[in-house]
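S.K.: Below are the sequence and a predicted model; questions follow.
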Amino acid sequence: MGWCSVDTLVAGCGCCNAAIVCPPNIGCSCDVMLCCADVKCCLGAFTPAACCCCGPTCVCNKTIIKVQGVFFCCDIQVSCPCDSDTPIIITPLPFCSIYPKTACCATRASVVKSKAKDDKAKGENGTEMDQAKNVANAKDVPKAVDVQAMIRP
């Protein structure tokens, strides 16, 4: 990923996070979802006729509230409860995240993807639960034998 498509994480507090997007957009857009209502608004210089698009729609949404806004180079996301688009990110200082991954000047995607890779790696190392799953799924495990059927005449 080159400089042309970077979204550097600035701040995060639970299910609310902000990033700087490069290259910046000329204009702004907002998407607000509340239960099943979705309202989108945008104003851009490079869209047809200096587009101003607004429109409420009814959609099936798993979150109670979800807001995403982009204004030039600032991208802000809020969701309650958190979802895959707005993950839980905690940054005690600007540009420095501590959860789900400790990093400085990282992108939103790299912080979240790294956490998923870390969880997968932990599972491959063989925790007790994973070992139990591997034994249960093994093909060479013998079938249970009915001892009482063998004893009966």
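M.R.: Right, received. Where do you want to start?
S.K.: in which helix or strand would I find C30?
M.R.: Following DSSP states H and E, one finds C30 within strand 27-34.
S.K.: Report the buried residues of that strand.
M.R.: For strand 27-34, burial by neighbour count (16 or more other Cβ atoms under 10 Å) applies to 27, 29-30, 32-33. From N, CA and C alone the C-beta is placed, and that goes for glycine too.
S.K.: Does T86 touch D75 like I think?
M.R.: No: with contact defined as Cβ atoms under 8 Å, T86 and D75 do not form a contacting pair (11.1 Å).
S.K.: what comes up buried for stretch 33-43?
M.R.: So, applying 16+ other Cβ under 10 Å, buried residues of stretch 33-43: 33, 38, 42-43.
S.K.: Tell me the one among these nearest to G69.
M.R.: Distance to G69, by Cβ to Cβ, is smallest for C42 among the buried residues of stretch 33-43, at 10.3 Å.
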